[in-house]
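# I would like the atomic coordinates for the input below:
(chains A, B, C and D)
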Amino acid sequence: MDGQAGSPWQQALDKVRDWARINSPWAIHYNSGSCNGCDIEIMATLTPRYDLERFGVKLQGSPRHADILIVTGPVTRLSRERLLRIYDQMPNPKFVIACGSCGLSGGAFRGCYNIVGDISEVIPVSVYIPGCPPRPEAIIYGVVQLLESLKRRNAPAVNLPRQEGAPA
Amino acid sequence: MDTSTALEKAAAILQPWALATATPEPNRLDVVIERGSLIPAVKALVKARWGFFSALTGLDQPPSGDGEPVREGCVEVLYHFCSAAAVVTLRVSVPYSDAKIDSICEVIPSATLYERELIEMFGVECTGTPNTERLLLSDDWPEGVYPLRKSFTGFQQAEGQEANHGSAA
Amino acid sequence: MEAQRKFIVPIGPQHPALKEPGHFQFSVEGEIVTGATVRLGYVHRGIEKGAEARNWTQNLYLFERICGICSHVHATALALGAERLAGVEAPPRAQAIRTLMSELERIHSHMLWLGVAAHEGGFETLFMYSWRDREIVMDLLESLSGNRVNYSVNLIGGVKFDVTEKHHDEILKGIEILEERTKHYLKVVTTDRTFLARTRGVGLMTLQQAELFGAVGPTARASGVARDVRIDAPYEAYPQFPVRLVTDDGGDLLARFKVRTRELFESYRLIREILNHMPPGELTTRVPRRIPAGETISRVEAPRGELFYFIKSNGSEKPERIKVRTPSLCNWASVTQVAIGHKLADMPMILSGIDPCFSCNDRMVTINRGSSSQVWTWEELRRYGIEYYRQR
Amino acid sequence: MKIRLGTMFGDIIRSLFRRPATQLYPYERRPTPERLRGNLVWDPSKCTGCQLCIKDCPSDAIELIVLDKVAKKFVLRYHQDRCTYCAQCVVNCRFKCLNMDDQTWELASVNKEPFTVYYGKDEDVAFLLEKMARDNAGESGCPE
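Here you go, the predicted structure:
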């Protein structure tokens, strides 16, 4: 695959793909046991006042269509398996945004018996947004952080095959 | 109908089955009844159209300790009926050794959700409740572990270590 | 779809648009739902047990996080119960502020529901506009309490903050705009033809059914049940600022829309009254850390209906047992009964009609007995519903 | 009652000529209300080490590390990722050491390290961090 990635055609394709991913990441939202607070704030970011769609972020119904998984809440015993299943169903590359203090560490629910842990213990998390719940602006800030980090992280990823290709 | 007349009326309805009554607060009436008389008592309340079935509470009474005559552990099941400001509570005691109670679903069909909760949380079997599938707990929850009993103190896991770590630092 | 074929349609437990996950199973005969069951617990965190390991103050915040939409009423119910056990009462000004917050919360919750229910019915315009206007009340809540959702207003024995002159004017200005908009929305939900086609006569629950199933809140009031804790057993400052009962005899979805929007006007009136007659005085009274032993029942009217707390204290810093019965649970029991006999296409609307605290869903698996199975998303079910009505 | 189609058309047309409702958040920052409960800040000068704030914290978000009780040398370890931003600690503090900042609420991060914040006099914090680094080097396998 690495060899193929070096071809100019592949490079161009990668660039287009990255551009598309950064400019229009589709998201899916899952509540793994939160109090709804974060969920309504996520909804609020999609409505006219905050309008996350300015960044091309669109909330999708199916994990198959999504690049970003926004998870709220600590992971309960019952939703752990569902969360894993949704994560597995998402196509690569995928990014996870953990939203709200309880999703980051358990928050107010620390030590309750039906909680298996925070989100990062179940699936890898790309961006953490603390707050209980975070304001819609803070959520937008978190999404922007993710997009920025993608831009940065992608730069070497695109360049890397070229460097490998150069000696060959 | 003001609160005190409503409570008097309820007391009159429940009188045949009452083992003891109490009014812990001005708007409340607690009636202790036998397990067997639950259905007729509930039926009487529903037939008289006294209020509505509001909630079902389980209350764990672990076996009392040494010294006093040892009392067997039991689960107290509380059926709350509300009519305006008045609240009538039917209190039924169910011992651990024979944790069974009749389901009131035939009289109040919507009670099934509360009963399923009671079954899972306290391990009290509700004879005759239509559906006994898991409602709240996960499917891999161990059998015979009832989280709201006092004897359940949680799964020993990360939080214990966390606390130790915090105090050590 | 051909008739005479039985399907079981599980719906749950993940979806973008809404809140808590719940899992429903509808058995369908052709197009008609013949049975419904519910599986909860995706957001079961073990709060009632957790409460036994926390002190009263910590519990205030734990219980506030049962539900982010009606967070204030949960904390209020606990604070009222604890205060009653301790034999104290919060000062009148604190009670008035609590009432003010619960009414603001009701506005935010009803506006939220209006949008979400419209969304489920395919009326995106109403969804977006009502959420735009809802930001007005969110701003008020934020400037009053410092947080948009979990306001953390209550302390045991009072409230944390005061309402200043500046807030007074801000709130009055805000609710004036909202009142204007609500009038418009009431007109929209009662006159828009396409929307009426989806709400009139759908999800009918008669007075007898509502009483039998123990429905509460606006769902019950839309079936003509005169049941409102604010009127039946006034708490906080409701004895001084009485509420007028809003009911409707329709029993269908349209009636639920009407009742909720009319309740908004009642909230606006109440807020004005409270602000104009704000009692002076202290914000907190002293409550011991150890709450005396005893049992109490605390009932408050949440935006979705009666919230029931049974609180038992054993005289220590921590409660012995707190039982919470949320209004959604009552209404859930009723919706599983009411759903029977309706078309599958109406399910999203009927479910959202009770304003459930469940996050809509995941994927829907249509299991055709024995043969191939087909996966539907809730979104597709929603679209199916919208399409279905378009073709008629 | 007159039954009409498209009752909301008026709204839509009017909206075309209005200022957009959307705020351009990352590019423009609206002033926040002064009561906003953002990041917690701690003023070490007034703290007596009574630990009342910790007692009522619903999520164990704050820890007070006592370096020298007599000299009142304390370091406050604050976990932003656990905090529920309820301000109970602010209410509990009798000496007004704690405050919730209305300006810092953009806390999102791509990793968890920045969420543990140490407050205190500079030399105390430096001392503690050094000590922790030494301890960690000494006994390997200690979490964090």
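# for the spatially most central residue of chain D, which residues are in contact?
In chain D, the centroid-proximal residue (C-alpha atoms, centre = their mean) is D:Asn39; its distance is 2.4 Å. D:Asn39 is in contact with D:80, D:100-101, D:104-105, D:107, counting by C-beta atoms under 8 Å, 6 or more residues apart in numbering or on different chains. All C-beta atoms are positioned from the backbone trio N, CA, C, and that covers glycine.
# give me the subset of these lying in strands.
D:Met100 (DSSP state E).
# any idea how far the residue of chain A found nearest chain B is from chain D?
At 3.8 Å from chain B, A:Arg77 is the closest residue in chain A, using C-beta to the nearest C-beta. Remark: distance between A:Arg77 and chain D (C-beta to the nearest C-beta, to the nearest Å) = 20 Å.
# just to check, that residue is in contact with B:Ser138?
Yes: taking contacts as C-beta atoms under 8 Å, A:Arg77 lies within contact range of B:Ser138: 3.8 Å.
# name the residues contacting each of the two.
Shared contacts of A:Arg77 and B:Ser138, counting by C-beta under 8 Å, 6+ apart, come down to A:Asn114.
# which one of these two is surrounded by more residues?
A:Arg77 (22 against 17; other C-beta atoms under 10 Å in any protein chain shown).
# quick one on the thing from earlier: which residues touch the residue of chain A closest to chain B?
A:114-116, B:137-138, B:140-141.
# and those residues, which are buried?
A:114-116, B:137-138, B:141 (16 or more other C-beta atoms under 10 Å in any protein chain shown).
# give me the subset of these touching chain C.
Among the buried ones among the contacts of A:Arg77, proximity to chain C is found for A:114-115, B:137-138 (C-beta under 8 Å from any C-beta of the partner chain).
# redo these as JSON lines? Include secondary structure, distance to chain D and pLDDT.
Shown next, in JSON lines, are these (DSSP: H, G, I helix; E, B strand; the rest coil; distance: C-beta to the nearest C-beta, whole Å; pLDDT from 0 to 100):
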{"residue": "A:Asn114", "secondary structure": "coil", "distance to chain D": "17", "pLDDT": "80"}
{"residue": "A:Ile115", "secondary structure": "strand", "distance to chain D": "13", "pLDDT": "82"}
{"residue": "B:Leu137", "secondary structure": "coil", "distance to chain D": "24", "pLDDT": "73"}
{"residue": "B:Ser138", "secondary structure": "coil", "distance to chain D": "24", "pLDDT": "72"}
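# now for the helix or strand harbouring D:Phe74, which elements pack on it?
D:Phe74 is part of strand D:73-79, with elements assigned from DSSP states H and E. Packing partners of strand D:73-79 (3 or more C-beta pairs under 8 Å, 6 or more residues apart in numbering or on different chains; DSSP states H and E): strand D:40-42, strand D:62-68, strand D:116-119, helix D:122-138.
# could you single out the most deeply buried of the ones you listed?
Stretch with highest mean neighbour count among those: strand D:40-42 (a mean of 21; mean count of other C-beta atoms under 10 Å in any protein chain shown).
# what is it packed up against?
Applying 3+ C-beta pairs under 8 Å, 6+ apart, one finds that strand D:40-42 contacts strand D:73-79, strand D:98-100.
# including mean neighbour count, distance to C:Thr37 and mean pLDDT, could those go into a markdown table?
Formatted as a markdown table, these follow (neighbours: other C-beta atoms under 10 Å in any protein chain shown; distance: least, C-beta to C-beta, whole Å; pLDDT from 0 to 100):
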| stretch | mean neighbour count | distance to C:Thr37 | mean pLDDT |
| --- | --- | --- | --- |
| strand D:73-79 | 21 | 41 | 88 |
| strand D:98-100 | 20 | 45 | 88 |
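# out of those strands, nearest to A:Gly37?
Among those, the nearest to A:Gly37 by C-beta to C-beta is strand D:98-100 (17.4 Å).
# picking up where we left off before, who's in contact with the strand holding D:Phe74?
Here strand D:73-79 makes contact (C-beta under 8 Å, 6+ apart) with A:105, B:169, D:40, D:42, D:44, D:47, D:49, D:60-67, D:115-121, D:124-125, D:128.
# first vs last residue of stretch C:80-95, how far apart are they?
Criterion C-alpha to C-alpha, to the nearest Å; first-to-last residue distance in stretch C:80-95 is 10 Å.
# only the buried residues of stretch C:309-317, if you could.
Using 16+ other C-beta under 10 Å as the test for burial, stretch C:309-317 gives C:309-313.
# if we look at chain B, which of these are close to it?
Among those, the ones lying close to chain B by the criterion of C-beta under 8 Å from any C-beta are C:310, C:312.
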